[in-house]
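Q: Show me how the following folds:
(2 chains)
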Amino acid sequence: ILRIEDTDIQRNIEGADAKLREDLRWLGITWDEGPGVGGPCAPYNQSERLDLYRAAERKLLESGRAYYAFDTAEELDAMRKEASAKKISFRYTRPARFPSDADAERARAEGRSVVVRFAVPDEPITVHDDILGDVTFGAGEVEDLVIVKSNGWPTYHFAVVVDDEQMRVTHVLRAQEHLMNTPKHVFMQRALGYRTPVYAHLPLVFNMDGTKMSKRDKHKVVRAAVKEKFKSKAWTKEEAALVALCELAVLERWLDKADTELDMAQVGRLAEAAGAVVPEIEVHDFRLSGYLPEALLNFVALIGWSPGGDREMLTLDEMIQAFSLDRINKTAGRFDREKLLAMNTDYCASVGPKRLLAAFKDWAAASGSPLASLDAATMARALEACKGMRTLRDVETKAGILFAPNEAVQYDPAAVKKVLEKNGGAGYAMLEKLLPEIGTVEPWTAAGVDALIKRFCDALGAGLGDVAQPLRVAVAGRPVSPAIGDTLELLGREKTLQRLKICIESRGAG
RNA sequence: GCCCCCAUCGUCUAGAGGCCUAGGACACCGGCUUUUCAUGUCGGCGACAGGGGUUCGAAUCCCCUUGGGGGUGCCA
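A: Model (predicted):
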């Protein structure tokens, strides 16, 4: 079941659930009931199920298991701050007598804020968790939580309890950060006469530094880089605001950890200018970076779970087969990007050309790569020539220049020096000797090019590297490209000859 | 502060009292392959947090200490 929990109307972002569904679709994760497919418990957006929550709220209010409260958020905030200053723990004090419906009506009429709180029974509770075992909370540990906000919308805690019952949810598997919420939910289930589903709290996913991995890390990394620029006096705040295309005051709030002040486009601009790399956090980030969904899925599944033994590479179907609650760990796991990369490398090499081509097309389109416009046959050749790639993006990095116009070639000074100018310009001399020969290759294929270079080397008594490297730098501008035969085949005869001439003519130009 | 959870190589993990001289993968180090990069391949380094019990026997069970994490919202 896919259920969209969108009860925070202030923070709902337009199109967020469409993106979420697209991420799931990309990963190959489907749902039997939910948005798009319908089901017996429709609608599946909580924002469309308000009547259900209203009815449950009524029931709780009438049975004296919930009550109205009139404190404002600001008042509560002040009380919490005061308690924290005194180093005592704050817990909401339940009124001796619960306000009536009429009291609530009056308060509303006076413009005061009205919420509904659940009256948590003053007794200890033991909840069972299928991973952690029994967890006991003492009497009075659980506070009377707000279940209906002053805007009339239910809180998450209340909505899930109602929906889980109504949707016949049997298992609640969620992150361990929800463990403390479970007694609240179970108390509410009891008060409403609901069943309690099986709970299983999954270990958290950490960054390598042991902090919880979250979307905010993107802001964190860029913020640190920007502050570093201020520190070294490389930037002023005004300049940074200019880069981000925002007002100075907005930037300052963002610097003060208000993530929502800047959007990712603005953060991206700051990152680029500051030379910071925004880490991939969300599914879509990994898609844009050139990861295969099967690799991401496999990697993530292995954080906090294992099929047992030495098995590691699994398809989604195999994971489903092997899955069992009792193989889930209690310990948080770190998100090791090196291992993900290694796994992605494995998948790129093993999925087969057809699947790899499809994945590459998806990546090129999603990321806006210039290679997206190549025909399928050329893409397949490029993929083959880039065997050993770690990510799909590596193909662009390594071979992209071969599909760009000649003017795009930029000669890397270090490479020119090392490969072309060294030994009195031996590289250039080699290119001049090669120029009249290379054009004669027929047909223009990697094998043909390789054969010619081999003959050329033999005739000169030169090593393959003495010829291939100058050639590579001449056509790609850098010492990195696919194998020389593949490089020239992908470039094409005409452009190869053009770039060779351009390179030779550029000699000494600086 | 209070409540709760956790603890095997640097990282993800295997391990259900004797199969453990603790296995695999990533990373790291070294060799080989290679016309560049990346692959590939062979080998090496490397852990049961500490202390008490229980037991003939403990990485596995119990307790304490220490360390890490989560929660403490009209967020989810």
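Q: Distance from the chain centre to stretch A:117-126, please.
A: 38 Å (CA atoms, centre = their mean, to the nearest Å).
Q: Figure out the length between the terminal residues of it.
A: Terminal residues of stretch A:117-126 lie 22 Å apart, using CA to CA, to the nearest Å.
Q: Which phi and psi values does the closest residue to A:Ala322 other than its chain neighbours adopt?
A: Nearest in space to A:Ala322, with sequence neighbours left out and distances taken as CB to CB, 6 or more residues apart in numbering, is A:Pro307 at 3.9 Å. Backbone N, C-alpha and C define where each C-beta goes, glycine included. Phi and psi for A:Pro307, reported as degrees, to the nearest 10, are phi -80, psi 0.
Q: pLDDT score assigned to A:Pro307?
A: Looking at A:Pro307, its pLDDT is 95.
Q: Would you confirm that it contacts A:Thr315?
A: No. If you go by CB atoms under 8 Å, A:Pro307 and A:Thr315 don't touch, sitting 11.6 Å apart.
Q: The two: which is more packed in?
A: Comparing A:Pro307 with A:Thr315 by other CB atoms under 10 Å, the one with more neighbours is A:Pro307, at 17 against 12.
Q: now the more buried one: how far from RNA strand B?
A: Distance, A:Pro307 to RNA strand B, using CB to the nearest atom of the strand, to the nearest Å: 8 Å.
Q: try A:Val148
A: 8 Å.
Q: count of residues packed around that residue?
A: Neighbour number of A:Val148 under other CB under 10 Å is 24.
Q: Ok, the one 4 residues further on next?
A: As a burial measure, the neighbour count of A:Gly152 was computed by other CB under 10 Å and equals 13.
Q: Residue of the stretch 351-500 of chain A nearest RNA strand B, please.
A: A:Gly388 (2.5 Å; CB to the nearest atom of the strand).
Q: okay, now that residue: neighbour count?
A: 10.
Q: That one in helix, strand or coil?
A: Using DSSP: H, G, I helix; E, B strand; the rest coil, the structure places A:Gly388 in coil.
Q: if I look at it, how far off is A:Val226?
A: Relative to A:Val226, A:Gly388 is positioned 36 Å away (CB to CB, to the nearest Å).
Q: do the same with A:Ser506
A: Taking CB to CB, one finds A:Ser506 at 39 Å from A:Val226.
Q: In terms of neighbours, single out the busier of those two.
A: A:Val226 (24 against 15).
Q: residues in contact with that one?
A: A:Trp235, A:Ala240, A:Leu255, A:Leu270, A:Ala274, A:Ala276 (CB atoms under 8 Å, 6 or more residues apart in numbering).
Q: swap the cut-off to 10 Å and go again
A: Applying CB atoms under 10 Å, 6 or more residues apart in numbering, we find A:Val226 in contact with A:235, A:237, A:240, A:243-244, A:251, A:254-255, A:267, A:270-271, A:273-274, A:276.
Q: Out of those, who's the most crowded?
A: A:Leu270 leads the contacts of A:Val226 on contacts (other CB under 10 Å) with 26 neighbours.
Q: Show me what the strand or helix carrying that one is in contact with.
A: Counting by DSSP states H and E, the element that carries A:Leu270 is helix A:264-274. Contacts to helix A:264-274, defined as CB under 10 Å, 6+ apart, come from residues A:215, A:218-219, A:221-229, A:234-235, A:239-246, A:250-251, A:254, A:259, A:261-262, A:276-278, A:282, A:285.
Q: try it again with 8 Å
A: With CB under 8 Å, 6+ apart as the criterion, helix A:264-274 contacts A:218-219, A:221-222, A:225-226, A:228-229, A:235, A:240, A:243-246, A:262, A:276-278.
Q: Quick check: residues of the stretch 301-450 of chain A near RNA strand B?
A: Residues of the stretch 301-450 of chain A found near RNA strand B (CB under 7 Å from any atom of the strand) are A:302-306, A:308-310, A:312, A:326-327, A:329-334, A:336, A:338-339, A:341-342, A:345-346, A:349, A:387-390, A:394, A:398, A:450.
Q: Give me the buried subset of those residues.
A: A:302-305, A:332-334, A:341, A:345-346, A:389, A:394, A:398, A:450 (16 or more other CB atoms under 10 Å).
Q: In strands, which of the residues you listed fall?
A: A:Gly333, A:Arg334 (DSSP state E).
Q: For the residue of the stretch 51-200 of chain A at minimum distance from RNA strand B, grab the count of nearby residues.
A: For the stretch 51-200 of chain A, the residue closest to RNA strand B is A:Ser89, as judged by CB to the nearest atom of the strand, at 2.9 Å. When neighbours are defined as other CB under 10 Å, A:Ser89 has 9 of them.
Q: Touching, it and A:Ala83? I think so.
A: Yes. Assessed by CB under 8 Å, A:Ser89 is found in contact with A:Ala83 at 6.7 Å.
Q: And the host helix or strand of A:Glu384, how far out from the chain middle?
A: Per DSSP H and E: A:Glu384 is located in helix A:376-385. In terms of CA atoms, centre = their mean, the centre of helix A:376-385 is found 28 Å from the chain centre.
Q: Give the other helices and strands that that helix contacts.
A: With contacts taken as 3 or more CB pairs under 8 Å, 6 or more residues apart in numbering; DSSP states H and E, helix A:376-385 sits against helix A:353-367, helix A:393-399, helix A:484-491.
Q: Just say which of these is most tucked in.
A: Among the helices and strands packed on helix A:376-385, helix A:484-491 has the highest mean neighbour count (mean count of other CB atoms under 10 Å), at a mean of 24.
Q: Alpha carbons only: can I get that helix in PDB?
A: This file holds the C-alpha atoms of helix A:484-491, laid out as PDB (Å, rounded to 0.1, in the frame of the first residue of the first chain):
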ATOM      1  CA  ILE A 484      42.700   4.400 -29.000                       C
ATOM      2  CA  GLY A 485      40.900   2.300 -31.700                       C
ATOM      3  CA  ASP A 486      37.600   2.900 -30.100                       C
ATOM      4  CA  THR A 487      38.400   6.500 -29.600                       C
ATOM      5  CA  LEU A 488      39.100   7.100 -33.200                       C
ATOM      6  CA  GLU A 489      36.200   4.900 -34.400                       C
ATOM      7  CA  LEU A 490      33.700   6.900 -32.300                       C
ATOM      8  CA  LEU A 491      35.200  10.200 -33.400                       C
END
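Q: Out of the contacts of helix A:264-274, list just those in helices.
A: Among the contacts of helix A:264-274, the members falling in helices (DSSP state H) are A:Lys218, A:His219, A:Val221, A:Val222, A:Ala225, A:Val226, A:Glu228, A:Lys229, A:Ala240, A:Val243, A:Ala244.
Q: The fifth one - how many residues pack around it?
A: What it means is A:Ala225. What A:Ala225 shows, counting by other CB under 10 Å, is a neighbour count of 17.
Q: same deal with the fourth one?
A: Counted with other CB under 10 Å, the burial measure for A:Val222 works out to 27 neighbours.
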